[in-house]
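Trainee: Sequence first, predicted coordinates after that:
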Amino acid sequence: MTFPVAVTSESSQVKNLRLALVGASSLLGVEIKDQLAASGVPRDAVTLFDLKEVAGVLTEYGDEARVFAETVSENLLTHSLICFCSDAKTATESLDAILGSGKVGIDCTQAWSDDPRAFAWIPGVSTPPARNDQRAIVIPSAACLMLGTTLAALGKLGEQVSATIFLPASDLGEAGLQELSQQSTAVLNLEKIDTAIFGRQLAFDLWPTAGLRDETQKVLVNELGKLGFVAPPIQIVRAPVFHGLAMSLYVPDVDTSEVSTALFDANVVVGNEDGVQIDSPLLVTGTPGLHAISVRPDHHGAWVWLTIDNFHARAAAAVEAMWAMSTPEFSDGLQ
């Protein structure tokens, strides 16, 4: 998984692009906005939409000042490409209008996951859309991006793997970050903790999601299935970290060199990068790509430790989908 190629304001891919970011003040929205600006997409090509309460608030796009606009359905349809970074309700309500008006929609909220008209996208894994009527793209969860990329890289080597995935608080958005922060402070000060988001104490603890009122594992299995993967045995753990996703993967009956080579060939960062060992969710924050630092032998196979920046990865996937959907065979027909 890599960054999209930088473009310029003269590039044919952005010359006529009018992009709407819905939920632009969310954690994911900010990351997508920053990646677009870093890629050279001009500010005038992007409108930053958000809730009424956020409208008019000052933000930035690259080095330039911008303000958030209120999300109004009619205004969204004046854009050729609409990306939903949050606000699943508006995404659901907008799909028919987007497709009916010849626009492209990218959904990062999973609101379109069960719609047969939507196309799941993992860069380097999903087959690019083959027809210009495939205009609804779903960006899977960070856990699906991570595991799907790994399974695709391993191919037949990954047919018998098992995985334990450690989810950060930011997997549940800004509310998850705030509750973990509050819990951490409250525990240290012997105060009452908030549990509205996690349902229990996560600070200084961790626990599996299985058996709880948590649909994360079910959602992941469904996402993998729609991408053509048979989900391996998976254990999902809520971890008391703020950012960064980690996965421990066991690959039986293989040599570590086979695993390392397969991952490296799929553009996974294997080992140290530029002399820096990125082997934890904390260290991976703000870095591109999937990192497989530890590939170590076991009696009958190999253990692999992988980390990824959950928001950086999903934002990169969304931006790459934008480039794919703005190529001439698609953009020539955009309204």
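Mentor: The structure has been received and is ready for your questions. Numbers count the residues shown, from 1 in each chain.
Trainee: doesn't Gly301 make contact with Asp253?
Mentor: Yes: with contact defined as CB atoms under 8 Å, Asp253 counts as touching Gly301 (5.6 Å). Just so you know, the C-beta spots here come from the backbone N, C-alpha and C atoms, and that holds for glycine as well.
Trainee: So between the two, which is more surrounded?
Mentor: Gly301 (18 against 10; other CB atoms under 10 Å).
Trainee: Look up phi and psi at the residue nearest to the more buried one when sequence neighbours are not counted.
Mentor: Using CB to CB, 6 or more residues apart in numbering and skipping the chain neighbours, the partner closest in space to Gly301 is Pro252 (3.9 Å). Torsion angles at Pro252 (phi, psi; degrees, to the nearest 10) stand at phi -80, psi 150.
Trainee: I figured Pro252 was touching Gln160, is that so?
Mentor: Yes: taking contacts as CB under 8 Å, Pro252 lies within contact range of Gln160: 5.2 Å.
Trainee: Can you verify Gln201 is assigned to a helix?
Mentor: No: assigned with DSSP: H, G, I helix; E, B strand; the rest coil, Gln201 falls outside any helix and is coil.
Trainee: for the stretch 101-250 of the chain, which spans come out with low pLDDT?
Mentor: For the stretch 101-250 of the chain, the stretches with pLDDT under 70 are 128-134, 210-214.
Trainee: quick one, helices of it?
Mentor: 142-154, 173-188, 216-226 (DSSP state H, counting those that start in this stretch).
Trainee: And the shortest one, how far out from the chain middle?
Mentor: By that I understand helix 216-226. Once both centres are worked out by CA atoms, centre = their mean, to the nearest Å, helix 216-226 turns out to sit 14 Å from its chain's centre.
Trainee: And for the longest one?
Mentor: Averaged C-alpha coordinates place helix 173-188 at 22 Å from its chain's average position (CA atoms, centre = their mean).
Trainee: Without its sequence neighbours, what residue ends up closest to Arg296?
Mentor: Trp303 is the one closest to Arg296 (CB to CB, 6+ apart), at 5.3 Å.
Trainee: looking at this, that neighbour is in a strand?
Mentor: Yes: counting by three-state DSSP, Trp303 is found in a strand.
Trainee: before we move on, the earlier item: pLDDT value on the residue nearest to Gly301, please?
Mentor: Here the pLDDT value assigned to Pro252 is 95.
Trainee: residue ranges of the strands in the stretch 151-300 of the chain, please?
Mentor: 162-167, 207-208, 234-238, 245-252, 269-270, 291-297 (DSSP state E, counting those that start in this stretch).
Trainee: Between those, which one is closest to Ile139.
Mentor: strand 245-252 (14.6 Å; CB to CB).
Trainee: Can you give me the distance of the residue nearest to Gly301 to Asp50?
Mentor: 47 Å (CB to CB, to the nearest Å).
Trainee: circling back to that earlier point, want to try TSV for the strands of the stretch 151-300 of the chain, with distance to Ser280 as columns?
Mentor: Below are the strands of the stretch 151-300 of the chain laid out as TSV (distance: least, CB to CB, whole Å):
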stretch	distance to Ser280
strand 162-167	10
strand 207-208	20
strand 234-238	15
strand 245-252	7
strand 269-270	14
strand 291-297	9
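Trainee: what about these, which gets the closest to Gln217?
Mentor: strand 234-238 (4.9 Å).
Trainee: Next, the angle helix 173-188 makes with the closest one.
Mentor: Using axes from the mean of the first three to the mean of the last three CA atoms, to 10 degrees, the inter-axis angle of strand 234-238 relative to helix 173-188 is 60 degrees.
Trainee: hang on, Ala186 packs against Ile193?
Mentor: Yes: when contacts are counted by CB under 8 Å, Ala186 is listed as touching Ile193 (4.5 Å).
Trainee: what residues are shared contacts of the two?
Mentor: Ala203 (CB atoms under 8 Å, 6 or more residues apart in numbering).
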